[in-house]
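> Only the shape, not the letters, is given here:
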């Protein structure tokens with residue numbers, strides 16, 4: 001059995017669905033941070049730094065929200081369970097160029113999504129996913145990084161227009177969802193499928209064990 005719920009500092013439905021598939025209880029809070037504050041860092045450092053910032057902001061928002069429950073609640077309402085750990089995550093798509101890494105995040109509109117997909121079509125990209133599990137009792141972060149390679153098939157202008165019309169580009173790093181119709185255009189993946197989705201499961205397992213949220217006894221039943 002898992003312990004208290006994890007505080008998921010993310011509004012991503014994909015990350016929530018992955019936690020649900022793992023039977024991990026969680027409470028969601030939207031961290032609301034400036035995601036450009038670490039643009040000067042390399043992709044791997046950037047996603048880990050953003051994940052840690054989201055986890056810490058999630059903790060702050062949880063503490064702020066607890067004030068709403070300072071007074072006794074009428075029956076049958078109950079106070080929410082108290083999480084000990086806050087989980088932040090961030091995902092970034094990048095290309096290798098002679099000048100270094102060229103990164104792309106989430107598109108702001110259809111035109112931006114079209115430009116991203118045009119760049120991705122027929123090319124190999126790297127998907128960086130950073131995790132931070134923050135122990136809110138002692139403020140100790142446990143971090144992990146997943147790097148996956150994704151090879152896109154060629155895409156015609158009609159292919160890109162069709163895909164954009166589906167709306168999957170909205171809120172998705174790189175303007176596609178690998179677990180959706182975006183998979184039509186993926187030739188090969190090296191690394192973590194769940195990492196490309198935004199929450200690498202193997203790396204998550206590692207920090208859950210490292211932090212003490214999961215113990216050997218719980219895994220063994």
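Now that the structure is in, tell me what you want to look at. Because the structure is predicted, anything quoted here is derived from the model rather than measured.

> and stretch 178-196, average pLDDT?
For stretch 178-196, the mean pLDDT works out to 96.

> Please identify the buried residues of that stretch?
178, 179, 182, 185, 186, 189, 191, 192, 194, 195, 196 (16 or more other Cβ atoms under 10 Å). C-beta coordinates here come from the backbone N, C-alpha and C atoms, glycine included.

> So for it, first residue to last residue, what's the gap.
Using Cα to Cα, to the nearest Å, one end of stretch 178-196 lies 7 Å from the other.

> Could you export the buried residues of stretch 178-196 as a markdown table, including distance to residue 97 and secondary structure?
A markdown table is the format used below for the buried residues of stretch 178-196 (distance: Cβ to Cβ, whole Å; DSSP: H, G, I helix; E, B strand; the rest coil):
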| residue | distance to residue 97 | secondary structure |
| --- | --- | --- |
| 178 | 23 | coil |
| 179 | 28 | coil |
| 182 | 23 | helix |
| 185 | 21 | helix |
| 186 | 21 | strand |
| 189 | 21 | strand |
| 191 | 20 | coil |
| 192 | 23 | coil |
| 194 | 27 | helix |
| 195 | 22 | helix |
| 196 | 21 | helix |
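
> Nearest to residue 118 among these?
residue 185 (12.0 Å; Cβ to Cβ).

> ok, now how distant is the residue nearest to the closest one when sequence neighbours are not counted from residue 205?
Spatial nearest neighbour of residue 185, excluding adjacent residues (Cβ to Cβ, 6 or more residues apart in numbering): residue 153 at 5.0 Å. Counting by Cβ to Cβ, to the nearest Å, the gap from residue 153 to residue 205 is 31 Å.

> before we move on, what about residue 178?
Counting by Cβ to Cβ, the gap from residue 178 to residue 205 is 20 Å.

> Same check on residue 112?
Distance from residue 112 to residue 205, by Cβ to Cβ: 34 Å.

> show me where this protein has strands.
For the chain, the strands defined by DSSP state E occupy 6-9, 26-29, 85-97, 100-104, 124-135, 140-152, 186-190.

> Tell me which of those is the most buried.
Ranked by mean neighbour count, the strands of the chain are led by strand 6-9 with a mean of 26 (mean count of other Cβ atoms under 10 Å).

> can you give me the offset of it from its chain's centre?
11 Å (Cα atoms, centre = their mean, to the nearest Å).

> Show me what it is packed up against.
helix 13-21, strand 26-29, helix 43-66, strand 85-97 (3 or more Cβ pairs under 8 Å, 6 or more residues apart in numbering; DSSP states H and E).

> pLDDT averaged over that strand - what is it?
Here the average pLDDT along strand 6-9 is 96.

> Would you mind confirming that residue 104 is in contact with residue 94?
Yes: applying Cβ atoms under 8 Å, one finds residue 104 in contact with residue 94, separated by 7.4 Å.

> quick revisit: does the residue nearest to residue 185 touch residue 182 like I think?
No: using Cβ under 8 Å, residue 153 is not in contact with residue 182; the gap is 11.0 Å.

> shaky segments in this protein?
1-2, 66-80, 216-221 (pLDDT under 70).

> mind redoing it with 50?
Scanning the chain for pLDDT under 50 picks out 69-74, 76-77, 221.

> List the buried residues for stretch 161-176?
Neighbour-count burial for stretch 161-176 [16+ other Cβ under 10 Å]: 163, 164, 168, 169, 172, 173, 174, 175, 176.
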